[in-house]
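Undergrad: quick one: sequence and predicted model below, then my questions.
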Amino acid sequence: MPDIYIEKLRVLEDQVPPLLSGEAVKETIAKDLGLDKIENVFHDFNENPIGSASIGQVHKAYIFKRGRKIPVAVKVQSPESERLLRNDLNAARRFCKVFAPEQLVMLDEVGKMFSTEFDYQVEAKNLRDVGENMSKAGFDNLVVVPKPHHELCSKHVLTMEFLEGPKLVDGIRKQLRDYARYKGVDPVELEREMKDKMMREGLPPPYDGPSAFQLEMYRQSLAARDGVINTFIWFGNALLSIFSSSRIGYVKSFIPLNSAKIMETLLKVHGHQLLVNGVFNSDPHPGNFLLLNDGRIGMIDYGQVKRLTDDERIHIAELIHHLARKDIEAVAKKSIEMGYESKFNDRDVIFKVNQVVMDQDGRHITEGLNMQQYIDKLYAKDPWNKSADYMIMPVRLSLLLRGVGHMLTHPVSVATAWNPIATRVMALAN
């Protein structure tokens, strides 16, 4: 899309102009939690939101627990948000019915998921369940899900652990600016060149470069080299200060994000959520990940959590396994078994649809077309009218994770990354 649209739409992640004033926020919290004054519970409450999205806004405050003052994030819902969002979804559905009928199946399921976001007690339960699942899986050294304070949660108020760190999307933008400065070029021009290249060449195939371990060793070696050189520079400057006011500038290498480690972690964690737990966040956009100071990834915003039955997650595991093996017949057979219906049940089209929505989207897959053009081409060849409802959110999960990969210039094959997990799930099921 044109840059002007992208920049305007980006604010929807967490920078929507807040619908509630500071006073209105306090009134909502007091009313919903049954408090005379929120100051009796929440201390140093910041009336300016640290984030504001489509249905609510988040404020930082402090509470006392076990004699300690701890920071919390307080999410407050706007009273008008549910009505406004339902109107928007109805308008989007009417548009798709005329101009993009192939998107109706996904839009209807997305609408169902949005309806769960209006009860923050449900989100508090989601945070607790997913957080416990991540701990049981041994992922505490990789990711953090904020713990809810259930006694301070209600339909319109969610109080949870405050996680400190920049959003992944901001970290990516900072990296671009740092790299541009390191190369001595204009960051705006550099970003434009990268976009132009992608427009000319299409999305690249899955990443096949250095591993997460190799990249981490490279990052650490750069930091260590800078440290050694700057130690000598410090001594040099100390000597120079005796004789003159001139100083030698310190060295600062460009140290990139470990994109391989970030994507490896996100794929491993979400693959486990989907295929092992059957409880996963279906809205993992880059604004919902934080780069924490201790190197872990903070995972926030669990309003859109999908819960699968055991049969459903095993079906998805089998589909992922067949996709990873590129078994056209098995993918088509499994899809039809799961409820996929089209005019001709063309095996080749069914495989290609599954591949592009659940696995990868490089130019080698989409025949040089962009995603929508490719979907239009497949739909024209064999129009589909039905898909398993429970597949829509896993598709959205795959698409959004791949979007994060493209932002990190680390495109991925989701089926390849998830196949080891899928194979274990299938073995346990048998």
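TA: The structure has been received and is ready for your questions.
Undergrad: residue 303: what secondary structure?
TA: Following DSSP: H, G, I helix; E, B strand; the rest coil, the label given to residue 303 is coil.
Undergrad: give me the domain ranges for the protein.
TA: Using automatic domain parsing, the domain parsing of the chain gives 3-79+119-162, 169-243, 259-429.
Undergrad: quick one: mean pLDDT for the second one?
TA: In this case it means domain 169-243. Domain 169-243 comes out with an average pLDDT of 89.
Undergrad: what about it, distance to the chain center?
TA: Here the centre of domain 169-243 is set off from its chain's centre by 23 Å, with C-alpha atoms, centre = their mean, to the nearest Å.
Undergrad: deepest of the domains of the chain, which one?
TA: Mean neighbour count (mean count of other C-beta atoms under 10 Å) peaks for domain 259-429 among those, with a mean of 19. The way it works is simple: take the backbone N, C-alpha and C, and place the C-beta from them, glycine included.
Undergrad: only alpha carbons, please: show the helix or strand hosting residue 170 as CSV.
TA: For residue 170, the host element (DSSP states H and E) is helix 168-183. This file holds the C-alpha atoms of helix 168-183, laid out as CSV (Å, rounded to 0.1, in the frame of the first residue of the first chain):
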residue,chain,number,x,y,z
LEU,A,168,9.4,-4.9,18.7
VAL,A,169,8.1,-2.7,15.9
ASP,A,170,9.9,0.3,17.5
GLY,A,171,13.1,-1.8,17.8
ILE,A,172,13.0,-2.7,14.1
ARG,A,173,12.6,1.0,13.2
LYS,A,174,15.4,2.0,15.5
GLN,A,175,17.6,-0.6,13.9
LEU,A,176,16.9,0.8,10.5
ARG,A,177,17.8,4.3,11.7
ASP,A,178,21.0,3.0,13.3
TYR,A,179,22.0,1.1,10.2
ALA,A,180,21.3,4.2,8.0
ARG,A,181,23.5,6.4,10.3
TYR,A,182,26.3,3.7,10.3
LYS,A,183,26.2,3.7,6.5
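Undergrad: from the chain's centroid, how far away is that helix?
TA: 19 Å.
Undergrad: name the next helix or strand downstream of it, please.
TA: Next along the chain from helix 168-183, counting by DSSP H and E, comes helix 187-201.
Undergrad: which of the domains of the chain sits closest to residue 99?
TA: Shortest distance between residue 99 and these, using C-beta to C-beta, is found for domain 259-429: 11.0 Å.
Undergrad: would you mind checking the average pLDDT for the closest one?
TA: Averaged across domain 259-429, the pLDDT comes to 94.
Undergrad: now do the same end-to-end measure for it.
TA: One end of domain 259-429 to the other measures 33 Å (C-alpha to C-alpha, to the nearest Å).
Undergrad: and residue 388, what are its phi and psi?
TA: The phi/psi pair for residue 388 (degrees, to the nearest 10) reads phi -60, psi 130.
Undergrad: surely it meets residue 339?
TA: Yes: using C-beta atoms under 8 Å, residue 388 makes contact with residue 339 at a distance of 4.0 Å.
Undergrad: residue 92 and residue 106 touch, don't they?
TA: No: Residue 92 is beyond contact range of residue 106, at 11.0 Å (criterion: C-beta under 8 Å).
Undergrad: roughly how far does residue 61 sit from residue 81?
TA: Distance of residue 61 to residue 81, computed by C-beta to C-beta, to the nearest Å: 21 Å.
Undergrad: equivalent analysis for residue 277, please.
TA: In terms of C-beta to C-beta, residue 277 sits 29 Å off from residue 81.
Undergrad: and for residue 159?
TA: 18 Å.
Undergrad: how about residue 16?
TA: As judged by C-beta to C-beta, residue 16 and residue 81 stand 10 Å apart.
Undergrad: now the common contact residues for the two.
TA: Common contacts of residue 16 and residue 81, defined by C-beta atoms under 8 Å, 6 or more residues apart in numbering, comprise residue 54.
Undergrad: in three-state terms, label the nearest residue to residue 376 once chain neighbours are set aside for me.
TA: Nearest non-adjacent residue to residue 376, counting by C-beta to C-beta, 6 or more residues apart in numbering: residue 102, 7.5 Å away. Three-state assignment for residue 102 (three-state DSSP): helix.
Undergrad: ok, residue 306 next?
TA: strand.
Undergrad: and the helix or strand harbouring residue 70, how far out from the chain middle?
TA: Taking DSSP H and E as the definition, residue 70 sits inside strand 68-77. Distance of strand 68-77 from its chain centroid, counting by C-alpha atoms, centre = their mean, is 22 Å.
Undergrad: strands along this structure, start to end?
TA: Along the chain, counting by DSSP state E, strands occupy 51-52, 56-65, 68-77, 143-144, 157-161, 279-281, 289-291, 297-299, 305-307, 341-342, 384-386.
Undergrad: only C-alpha atoms, please: export the third one in PDB.
TA: When you say that, I think you mean strand 68-77. Below are the C-alpha coordinates for strand 68-77, written out as PDB (Å, rounded to 0.1, in the frame of the first residue of the first chain):
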ATOM      1  CA  ARG A  68       6.100  -3.900  48.000                       C
ATOM      2  CA  LYS A  69       5.200  -1.100  45.600                       C
ATOM      3  CA  ILE A  70       5.000  -2.700  42.100                       C
ATOM      4  CA  PRO A  71       4.200  -1.200  38.700                       C
ATOM      5  CA  VAL A  72       1.100  -2.300  36.900                       C
ATOM      6  CA  ALA A  73      -0.500  -1.700  33.500                       C
ATOM      7  CA  VAL A  74      -4.200  -0.800  33.800                       C
ATOM      8  CA  LYS A  75      -6.300  -1.300  30.700                       C
ATOM      9  CA  VAL A  76      -9.600   0.500  30.500                       C
ATOM     10  CA  GLN A  77     -12.300   0.000  28.000                       C
END
